[in-house]
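Novice: Everything below, folded, please.
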Amino acid sequence: MDYIILDIEFNGRKFASEHPMEVIEIGAVRLDASLQYKDEFSSLIKPIYFSTLNSFIKKKTGIPQEDIDVADRFPKVIAAFRAWLDLSTDGVLLLTWGGEDMKRIIQDVRMHKIDDAYWMQATYFDLLKGLLRARGLSNDVSVEGAMALLELEPSGSAHRALDDAKMTAEIFRALFTDLDFERAQHYKDTFSNARERKTVKVAIKAMTSQKIVPTWELVEEHYFPDKTVLADPRKLAELQAYFAAQTGAK
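Specialist: Reported below is the predicted structural model:
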């Protein structure tokens, strides 16, 4: 089996826009079972929406606008990336820094009406969580922060997909013996966001401190006054399950 260290960059969007952010760069490094470098993949992508990069993204990534202007669209790039992944005949384990990369790829796959089966079935390991567990940390750290923590020498440009993938590969090598690969996972759709889950957690804590037995009905009534927030039954079920997990409710 090969290890594929994956990183993406995505564009910004106008505040409160109905249009999604899109992947604008994919970078990946392939390591063999002995953690030796084999090859790499890198491609820019011209998005459908906000193809003119805003100043923040241009400054953060250093991607030239003229390179985005001549880049291929997502369907062509993701097909090329899939073909590159398939060169690993004994299978792959994808490694990402956090869960955002898989989410963004699957979002764009669906937006372009491409079959998402491969990506939903792909096994990936969140190396950020692996680092936090291995070092007993509670706060997220960036790739650059992890390099410093592990006393590794950074190289390339931060926030360029291939360079970040290369640095993440160095972190992976350094942590390899401390990682619990039983925690590898498949992407799971989520319908609530971090702020909504935090609201549930805050509600439980507030009620408990007031010696009120937390119930979902109280959370919904007092902490989600805008009923449209919970209009999606999938989100409602997800937050109810989160509430139950936090309180031990049956």
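Novice: C-alpha only now, for contacts and for neighbours.
Specialist: Fine.
Novice: hmm, who's touching the lowest-mean-pLDDT helix or strand in the chain?
Specialist: Of all the helices and strands that make up the chain, helix 55-61 has the lowest average by mean pLDDT, DSSP states H and E, namely a mean of 90. Helix 55-61 is contacted by residues 9, 11-12, 64-65, 158-160 when judged by C-alpha atoms under 8 Å, 6 or more residues apart in numbering.
Novice: That helix: what's the following helix or strand?
Specialist: The helix or strand immediately downstream of helix 55-61 is helix 65-69, counting by DSSP states H and E.
Novice: what are the phi and psi values for the residue most central in space within the chain?
Specialist: Residue closest to the average C-alpha location in the chain (C-alpha atoms, centre = their mean): Glu100, at 1.4 Å. Reported as degrees, to the nearest 10, the phi and psi values for Glu100 are phi -70, psi -30.
Novice: what's the neighbour count on Thr228?
Specialist: Counted with other C-alpha atoms under 10 Å, residues neighbouring Thr228 total 8.
Novice: ok, so what distance separates it from Arg160?
Specialist: The spacing between Thr228 and Arg160, counted by C-alpha to C-alpha, to the nearest Å, is 38 Å.
Novice: Then Val229?
Specialist: For Val229 relative to Arg160 (C-alpha to C-alpha), the value is 35 Å.
Novice: between those two, who's got more neighbours?
Specialist: Neighbour tally, Val229 and Arg160, criterion other C-alpha under 10 Å: the higher count belongs to Arg160, 20 against 12.
Novice: Can you tell me how far the more buried one is from Asp67?
Specialist: Between Arg160 and Asp67 the distance is 13 Å, computed by C-alpha to C-alpha.
Novice: Over to the residue located most distally from the centre of the chain. Which of the three states is it?
Specialist: In the chain, Lys211 marks the outermost C-alpha relative to the chain mean, sitting 37.7 Å out by C-alpha atoms, centre = their mean. Using DSSP: H, G, I helix; E, B strand; the rest coil as the criterion, the local structure at Lys211 reads coil.
Novice: Look at it and report its pLDDT.
Specialist: Each residue has a pLDDT score; the one for Lys211 is 95.
Novice: One more: the one 10 residues further on?
Specialist: According to the predicted model, the pLDDT of Glu221 comes to 95.
Novice: swap in the one 4 residues further on?
Specialist: Per-residue confidence (pLDDT) for Pro225: 92.
Novice: now it: how far from Ser157?
Specialist: Using C-alpha to C-alpha, one gets 45 Å for the distance from Pro225 to Ser157.
Novice: in the chain, which spans are strands?
Specialist: Under the criterion DSSP state E, the chain contains strands at 2-10, 23-31, 37-44, 92-96, 124-126.
Novice: just the angle between the first one and strand 92-96, please?
Specialist: Using axes from the mean of the first three to the mean of the last three C-alpha atoms, to 10 degrees, one finds that strand 2-10 and strand 92-96 are set 40 degrees apart in direction.
Novice: Restrict strand 2-10 to CA atoms and write it as CSV.
Specialist: Presented in CSV, the C-alpha positions along strand 2-10 are these (Å, rounded to 0.1, in the frame of the first residue of the first chain):
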residue,chain,number,x,y,z
ASP,A,2,1.1,3.5,-0.8
TYR,A,3,0.6,6.6,1.4
ILE,A,4,-0.8,9.7,-0.4
ILE,A,5,-0.3,12.9,1.4
LEU,A,6,-2.9,15.3,0.1
ASP,A,7,-3.3,19.0,0.3
ILE,A,8,-5.6,21.5,-1.4
GLU,A,9,-6.1,25.2,-1.7
PHE,A,10,-9.4,26.8,-2.3
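Novice: Next, the angle strand 37-44 makes with that strand.
Specialist: 20 degrees.
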